[in-house]
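**Student:** Take this sequence and fold it.
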Amino acid sequence: MVTYVCLGILFLYVIFKAIIYRSRLKRTPSPEQLNKLVISILRSSGQRDRE
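**Tutor:** I've put the predicted structure just below:
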């Protein structure tokens, strides 16, 4: 009986971790978004250097 409880807890833990992984995966920016972000950062740092 204790084994089933441990297996149930382990199963819930794995499901919980999988849900967190999937939610983080959805929020990951695409390569195009990363390129735009890098370009905007480089442009803004270039403008600060000129001032």
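
**Student:** what packs against the longest helix seen in the chain?
**Tutor:** If you go by DSSP state H, the chain has its longest helix at helix 2-26. Packing contacts for helix 2-26, counted by 3 or more C-beta pairs under 8 Å, 6 or more residues apart in numbering; DSSP states H and E, involve no helix or strand. Bear in mind the C-beta positions are built from the backbone N, C-alpha and C, glycine included.

**Student:** Following the chain onward from that helix, which element is next?
**Tutor:** Next helix or strand after helix 2-26 toward the C-terminus (DSSP states H and E): helix 31-50.

**Student:** neighbouring contacts of that following helix?
**Tutor:** residue 29 (C-beta atoms under 8 Å, 6 or more residues apart in numbering).

**Student:** related to what we said a few turns ago, now the longest helix of the chain: how far from the chain's centre is it?
**Tutor:** Distance of helix 2-26 from the chain centroid (C-alpha atoms, centre = their mean, to the nearest Å) equals 18 Å.

**Student:** And the contacts of that helix?
**Tutor:** Helix 2-26 has contacts (C-beta under 8 Å, 6+ apart) with no other residue.
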